[in-house]
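> Everything below, folded, please.
(2 chains)
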Amino acid sequence: MAQANLLEQIYFALCALLAVAGAIGTVAFPNPIRGALSLLFSIVAIAGLYLQLHAPFLAAIQLIVYAGAVVVLFLFVIMLIGPDAVPPKDSRALVARVGGGVAATAISLLVLMVLARKTFPRIAPAQAEFGSVESIGALLFTDYLVPFEVASFLLMVAIVGAVAVARGKQPDPQLAKGKTQELVPADEAGLKDRGER
Amino acid sequence: MIPIPAFLVLAAVLFGIGAVGFLVRRNVLVALMSIELMLNAINLTFVAFNRAYPHQHTGQITSFFVIAIAAAEAAVGLAIVLSFFRLRKTVRSDSADLLKN
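Purely as a prediction, here's the structure:
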(Lines give C-alpha, C1' and ligand atoms only; values in the text may rest on other atoms or scores of the structure.)
Protein backbone atom coordinates (compact mmCIF):
# COMPACT_ATOMS: atom_id res chain seq x y z
CA MET A 1 0.00 0.00 0.00
CA ALA A 2 2.77 2.38 1.01
CA GLN A 3 4.71 1.43 -2.10
CA ALA A 4 1.74 2.23 -4.37
CA ASN A 5 1.42 5.54 -2.58
CA LEU A 6 5.07 6.32 -3.23
CA LEU A 7 4.66 5.48 -6.93
CA GLU A 8 1.64 7.78 -7.11
CA GLN A 9 3.60 10.56 -5.49
CA ILE A 10 6.52 10.14 -7.87
CA TYR A 11 4.14 10.17 -10.84
CA PHE A 12 2.41 13.31 -9.57
CA ALA A 13 5.73 15.06 -8.89
CA LEU A 14 7.02 14.23 -12.38
CA CYS A 15 3.85 15.47 -14.09
CA ALA A 16 3.68 18.61 -11.95
CA LEU A 17 7.34 19.42 -12.58
CA LEU A 18 6.91 18.93 -16.33
CA ALA A 19 3.75 21.05 -16.36
CA VAL A 20 5.31 23.96 -14.46
CA ALA A 21 8.56 23.80 -16.46
CA GLY A 22 6.57 23.78 -19.69
CA ALA A 23 4.47 26.71 -18.52
CA ILE A 24 7.54 28.75 -17.59
CA GLY A 25 9.10 27.89 -20.94
CA THR A 26 5.95 28.95 -22.80
CA VAL A 27 6.01 32.33 -21.14
CA ALA A 28 9.76 32.94 -21.01
CA PHE A 29 11.19 31.77 -24.35
CA PRO A 30 11.65 34.73 -26.73
CA ASN A 31 11.17 32.42 -29.72
CA PRO A 32 7.49 31.41 -30.00
CA ILE A 33 8.38 28.07 -31.64
CA ARG A 34 10.12 27.05 -28.42
CA GLY A 35 7.17 28.47 -26.53
CA ALA A 36 4.74 26.29 -28.49
CA LEU A 37 6.84 23.17 -27.85
CA SER A 38 6.99 24.01 -24.13
CA LEU A 39 3.21 24.39 -24.21
CA LEU A 40 3.09 20.89 -25.69
CA PHE A 41 5.08 19.53 -22.73
CA SER A 42 2.77 21.29 -20.29
CA ILE A 43 -0.32 19.90 -22.04
CA VAL A 44 0.97 16.33 -22.07
CA ALA A 45 1.82 16.61 -18.35
CA ILE A 46 -1.70 17.87 -17.60
CA ALA A 47 -3.13 14.92 -19.55
CA GLY A 48 -1.08 12.69 -17.27
CA LEU A 49 -2.61 14.41 -14.23
CA TYR A 50 -6.09 13.82 -15.69
CA LEU A 51 -5.29 10.10 -15.74
CA GLN A 52 -4.40 10.29 -12.06
CA LEU A 53 -7.71 12.06 -11.38
CA HIS A 54 -9.75 9.24 -12.94
CA ALA A 55 -10.51 11.14 -16.15
CA PRO A 56 -9.16 8.95 -18.98
CA PHE A 57 -11.67 10.35 -21.49
CA LEU A 58 -10.56 13.91 -20.80
CA ALA A 59 -6.90 12.86 -20.98
CA ALA A 60 -7.51 11.45 -24.46
CA ILE A 61 -9.45 14.56 -25.53
CA GLN A 62 -6.68 16.75 -24.14
CA LEU A 63 -4.04 14.92 -26.16
CA ILE A 64 -6.11 14.86 -29.36
CA VAL A 65 -7.44 18.42 -29.28
CA TYR A 66 -4.62 20.33 -27.60
CA ALA A 67 -1.49 18.41 -28.51
CA GLY A 68 -2.85 17.27 -31.86
CA ALA A 69 -4.71 20.32 -33.09
CA VAL A 70 -4.13 23.52 -31.14
CA VAL A 71 -0.34 23.30 -30.77
CA VAL A 72 0.04 22.23 -34.40
CA LEU A 73 -2.13 25.19 -35.43
CA PHE A 74 0.14 27.47 -33.40
CA LEU A 75 3.23 25.99 -35.07
CA PHE A 76 1.68 26.43 -38.53
CA VAL A 77 0.89 30.08 -37.88
CA ILE A 78 4.35 30.76 -36.42
CA MET A 79 5.95 29.21 -39.48
CA LEU A 80 3.63 31.15 -41.82
CA ILE A 81 4.70 34.37 -40.13
CA GLY A 82 8.35 33.33 -40.35
CA PRO A 83 11.26 35.14 -38.71
CA ASP A 84 9.05 38.14 -37.93
CA ALA A 85 7.36 36.00 -35.27
CA VAL A 86 10.19 37.14 -32.97
CA PRO A 87 9.74 40.91 -32.74
CA PRO A 88 13.06 42.76 -32.48
CA LYS A 89 12.19 44.40 -29.18
CA ASP A 90 9.90 43.01 -26.53
CA SER A 91 9.11 46.39 -24.99
CA ARG A 92 7.18 46.20 -21.77
CA ALA A 93 4.86 48.90 -20.56
CA LEU A 94 4.92 49.80 -16.87
CA VAL A 95 1.22 48.93 -16.51
CA ALA A 96 1.85 45.42 -17.81
CA ARG A 97 4.77 44.90 -15.44
CA VAL A 98 2.79 46.11 -12.45
CA GLY A 99 -0.20 43.98 -13.49
CA GLY A 100 2.03 40.93 -13.89
CA GLY A 101 3.59 41.55 -10.48
CA VAL A 102 0.18 41.90 -8.82
CA ALA A 103 -1.07 38.69 -10.48
CA ALA A 104 2.03 36.76 -9.40
CA THR A 105 1.75 38.04 -5.81
CA ALA A 106 -1.96 37.24 -5.59
CA ILE A 107 -1.48 33.68 -6.85
CA SER A 108 1.49 33.06 -4.51
CA LEU A 109 -0.54 34.33 -1.53
CA LEU A 110 -3.39 32.01 -2.50
CA VAL A 111 -1.03 29.05 -2.76
CA LEU A 112 0.55 29.87 0.60
CA MET A 113 -2.89 30.08 2.22
CA VAL A 114 -3.78 26.61 0.95
CA LEU A 115 -0.42 25.14 1.94
CA ALA A 116 -0.68 26.67 5.44
CA ARG A 117 -3.48 24.22 6.27
CA LYS A 118 -2.00 21.20 7.96
CA THR A 119 -4.67 18.58 7.27
CA PHE A 120 -6.36 17.76 4.02
CA PRO A 121 -9.60 15.78 3.76
CA ARG A 122 -9.19 12.19 2.60
CA ILE A 123 -11.10 11.40 -0.56
CA ALA A 124 -12.98 8.20 -1.16
CA PRO A 125 -11.75 5.90 -3.93
CA ALA A 126 -13.81 6.38 -7.08
CA GLN A 127 -15.81 3.66 -8.74
CA ALA A 128 -14.32 2.03 -11.80
CA GLU A 129 -16.76 3.64 -14.23
CA PHE A 130 -16.11 7.16 -12.94
CA GLY A 131 -14.80 9.30 -15.80
CA SER A 132 -14.85 6.46 -18.31
CA VAL A 133 -15.70 7.01 -21.97
CA GLU A 134 -19.02 5.16 -21.51
CA SER A 135 -20.30 7.26 -18.64
CA ILE A 136 -19.21 10.61 -20.11
CA GLY A 137 -20.56 9.65 -23.53
CA ALA A 138 -23.92 8.61 -22.07
CA LEU A 139 -24.17 11.94 -20.25
CA LEU A 140 -23.19 13.93 -23.36
CA PHE A 141 -25.95 12.34 -25.41
CA THR A 142 -28.67 12.57 -22.76
CA ASP A 143 -28.46 15.36 -20.18
CA TYR A 144 -26.00 17.54 -22.09
CA LEU A 145 -27.34 16.99 -25.60
CA VAL A 146 -28.27 20.63 -26.23
CA PRO A 147 -24.92 22.08 -25.06
CA PHE A 148 -23.18 19.39 -27.12
CA GLU A 149 -25.02 20.43 -30.28
CA VAL A 150 -24.44 24.11 -29.51
CA ALA A 151 -20.71 23.35 -29.13
CA SER A 152 -20.65 21.67 -32.54
CA PHE A 153 -22.41 24.70 -34.03
CA LEU A 154 -19.90 26.99 -32.32
CA LEU A 155 -17.00 25.02 -33.80
CA MET A 156 -18.53 25.30 -37.27
CA VAL A 157 -18.98 29.05 -36.88
CA ALA A 158 -15.39 29.31 -35.63
CA ILE A 159 -14.09 27.44 -38.70
CA VAL A 160 -16.01 29.69 -41.09
CA GLY A 161 -14.97 32.78 -39.15
CA ALA A 162 -11.31 31.75 -39.06
CA VAL A 163 -11.28 31.18 -42.82
CA ALA A 164 -13.07 34.48 -43.47
CA VAL A 165 -10.72 36.47 -41.22
CA ALA A 166 -7.46 34.82 -42.29
CA ARG A 167 -8.29 35.06 -46.00
CA GLY A 168 -8.56 38.85 -45.96
CA LYS A 169 -10.46 40.98 -48.45
CA GLN A 170 -10.17 39.86 -52.05
CA PRO A 171 -10.48 42.48 -54.79
CA ASP A 172 -14.08 42.72 -56.00
CA PRO A 173 -14.25 41.00 -59.42
CA GLN A 174 -16.96 43.38 -60.70
CA LEU A 175 -14.95 46.45 -59.73
CA ALA A 176 -11.83 44.98 -61.32
CA LYS A 177 -13.77 44.41 -64.56
CA GLY A 178 -14.77 48.08 -64.79
CA LYS A 179 -11.35 49.64 -64.49
CA THR A 180 -8.14 47.69 -64.69
CA GLN A 181 -6.63 48.31 -61.31
CA GLU A 182 -3.45 46.64 -60.23
CA LEU A 183 -3.91 43.82 -57.78
CA VAL A 184 -3.03 45.38 -54.46
CA PRO A 185 -3.59 43.21 -51.40
CA ALA A 186 -6.65 44.67 -49.71
CA ASP A 187 -4.89 45.26 -46.43
CA GLU A 188 -2.14 47.37 -47.97
CA ALA A 189 -4.75 49.33 -49.89
CA GLY A 190 -6.52 50.01 -46.61
CA LEU A 191 -3.28 51.24 -45.05
CA LYS A 192 -2.67 53.56 -48.00
CA ASP A 193 -6.15 55.06 -47.66
CA ARG A 194 -5.51 55.69 -44.03
CA GLY A 195 -2.20 57.38 -44.74
CA GLU A 196 -3.77 59.75 -47.25
CA ARG A 197 -6.45 60.86 -44.85
CA MET B 1 -3.96 8.97 -3.12
CA ILE B 2 -2.62 12.46 -3.74
CA PRO B 3 -4.76 15.01 -1.84
CA ILE B 4 -6.92 17.23 -4.05
CA PRO B 5 -5.34 20.53 -2.80
CA ALA B 6 -2.07 19.45 -4.41
CA PHE B 7 -3.79 19.54 -7.81
CA LEU B 8 -5.50 22.82 -6.97
CA VAL B 9 -2.21 24.44 -5.96
CA LEU B 10 -0.56 23.20 -9.14
CA ALA B 11 -3.46 24.58 -11.20
CA ALA B 12 -3.18 27.94 -9.41
CA VAL B 13 0.55 28.08 -10.14
CA LEU B 14 -0.05 27.27 -13.82
CA PHE B 15 -2.78 29.91 -14.00
CA GLY B 16 -0.48 32.46 -12.37
CA ILE B 17 2.31 31.75 -14.85
CA GLY B 18 -0.18 32.09 -17.71
CA ALA B 19 -1.61 35.34 -16.32
CA VAL B 20 1.84 36.88 -15.84
CA GLY B 21 2.85 35.82 -19.34
CA PHE B 22 -0.32 37.31 -20.81
CA LEU B 23 0.25 40.61 -19.02
CA VAL B 24 3.99 40.96 -19.52
CA ARG B 25 4.74 39.56 -22.98
CA ARG B 26 4.12 41.80 -26.00
CA ASN B 27 4.16 39.02 -28.58
CA VAL B 28 0.57 38.26 -29.65
CA LEU B 29 1.41 34.59 -30.23
CA VAL B 30 2.83 34.19 -26.73
CA ALA B 31 -0.22 35.99 -25.31
CA LEU B 32 -2.50 33.47 -27.04
CA MET B 33 -0.40 30.58 -25.72
CA SER B 34 -0.67 32.05 -22.22
CA ILE B 35 -4.46 32.07 -22.61
CA GLU B 36 -4.34 28.37 -23.51
CA LEU B 37 -2.23 27.78 -20.41
CA MET B 38 -4.77 29.53 -18.20
CA LEU B 39 -7.64 27.54 -19.72
CA ASN B 40 -5.70 24.33 -19.07
CA ALA B 41 -5.16 25.31 -15.44
CA ILE B 42 -8.89 25.96 -15.01
CA ASN B 43 -9.70 22.60 -16.59
CA LEU B 44 -7.36 20.93 -14.12
CA THR B 45 -9.23 22.65 -11.27
CA PHE B 46 -12.58 21.44 -12.58
CA VAL B 47 -11.37 17.86 -12.93
CA ALA B 48 -9.74 17.89 -9.48
CA PHE B 49 -12.93 19.13 -7.81
CA ASN B 50 -14.90 16.52 -9.72
CA ARG B 51 -12.57 13.86 -8.30
CA ALA B 52 -13.35 15.13 -4.80
CA TYR B 53 -17.11 14.73 -5.42
CA PRO B 54 -17.26 11.64 -7.66
CA HIS B 55 -21.03 11.03 -7.64
CA GLN B 56 -21.54 13.31 -10.64
CA HIS B 57 -19.55 14.16 -13.76
CA THR B 58 -20.29 17.90 -13.88
CA GLY B 59 -16.66 19.02 -13.66
CA GLN B 60 -15.43 16.69 -16.36
CA ILE B 61 -18.30 17.65 -18.69
CA THR B 62 -17.53 21.33 -18.09
CA SER B 63 -13.88 20.67 -18.90
CA PHE B 64 -14.95 18.98 -22.10
CA PHE B 65 -16.88 22.06 -23.21
CA VAL B 66 -14.04 24.36 -22.14
CA ILE B 67 -11.67 22.35 -24.36
CA ALA B 68 -14.10 22.67 -27.30
CA ILE B 69 -14.42 26.43 -26.82
CA ALA B 70 -10.65 26.81 -26.38
CA ALA B 71 -10.12 25.10 -29.73
CA ALA B 72 -12.54 27.53 -31.40
CA GLU B 73 -10.86 30.45 -29.63
CA ALA B 74 -7.41 29.36 -30.81
CA ALA B 75 -8.59 29.03 -34.42
CA VAL B 76 -10.22 32.46 -34.52
CA GLY B 77 -7.43 34.09 -32.50
CA LEU B 78 -4.72 32.78 -34.81
CA ALA B 79 -6.72 33.91 -37.85
CA ILE B 80 -6.86 37.39 -36.35
CA VAL B 81 -3.09 37.25 -35.68
CA LEU B 82 -2.47 36.34 -39.34
CA SER B 83 -4.70 39.16 -40.51
CA PHE B 84 -2.99 41.59 -38.13
CA PHE B 85 0.42 40.46 -39.30
CA ARG B 86 -0.54 41.08 -42.93
CA LEU B 87 -1.65 44.56 -41.99
CA ARG B 88 1.29 45.59 -39.81
CA LYS B 89 4.15 43.15 -40.64
CA THR B 90 4.72 42.53 -36.94
CA VAL B 91 3.18 40.49 -34.12
CA ARG B 92 3.78 43.02 -31.35
CA SER B 93 0.54 43.77 -29.56
CA ASP B 94 1.72 47.39 -29.07
CA SER B 95 1.33 47.86 -32.81
CA ALA B 96 -2.41 47.13 -32.73
CA ASP B 97 -3.38 50.81 -32.57
CA LEU B 98 -5.38 51.26 -35.79
CA LEU B 99 -8.31 52.70 -33.84
CA LYS B 100 -6.16 55.51 -32.40
CA ASN B 101 -6.83 59.03 -33.79
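> When you work out contacts or count neighbours from here on, use the C-alpha atoms and nothing else.
Will do.
> the helices in the chain, which residues?
If you meant another chain, say so; for now it's chain A. A:2-28, A:32-52, A:56-61, A:71-81, A:94-116, A:133-140, A:145-167, A:173-178, A:186-196 (DSSP state H).
> wait, I meant chain B there
Secondary structure of chain B by DSSP H: the helices cover B:4-24, B:28-52, B:58-88.
> Around residue B:78, how many other residues sit close by?
By other Cα atoms under 10 Å in any protein chain shown, the residues close to residue B:78 number 23.
> can you tell me which residues contact it?
The contact partners of residue B:78, taken as Cα atoms under 8 Å, 6 or more residues apart in numbering or on different chains, are A:74, A:77, A:162, B:29.
> Just among these, which is most surrounded?
residue B:29 (26 neighbours).
> Is any residue of stretch A:59-74 near chain B?
Yes: Stretch A:59-74 comes into contact with chain B (Cα under 8 Å from any Cα of the partner chain), by way of A:61-62, A:65-66, A:69-70, A:73-74.
> What separation do you get for the spatially closest residue to residue A:15 that is not a sequence neighbour and residue A:98?
Among residues not flanking residue A:15 along the chain, residue A:45 sits closest, at 4.9 Å (Cα to Cα, 6 or more residues apart in numbering or on different chains). Applying Cα to Cα, to the nearest Å, the value for residue A:45 to residue A:98 is 30 Å.
> Please identify which of those two sits among more neighbours.
Higher neighbour count among residue A:45 and residue A:98: residue A:45, with 23 against 14, using other Cα under 10 Å.
> That one contacts residue A:12, correct?
No: between residue A:45 and residue A:12 there is no contact under Cα atoms under 8 Å: 9.4 Å.
> residues in contact with residue A:166?
Counting by Cα under 8 Å, 6+ apart, residue A:166 has contacts B:79-80, B:82-83.
> Could you report the distance from residue B:22 to residue A:20?
Taking Cα to Cα as the measure, residue B:22 falls 16 Å from residue A:20.
> near chain A, from the contacts of residue A:166?
Near chain A, by the rule Cα under 8 Å from any Cα, you find B:79-80, B:82-83 out of those.
> that older thread, common neighbours of residue A:45 and residue A:12, please.
The contact sets of residue A:45 and residue A:12 do not overlap (Cα under 8 Å, 6+ apart).
> for residue A:168, phi and psi?
Note on residue A:168: its backbone torsions stand at phi 80, psi 180 [degrees, to the nearest 10].
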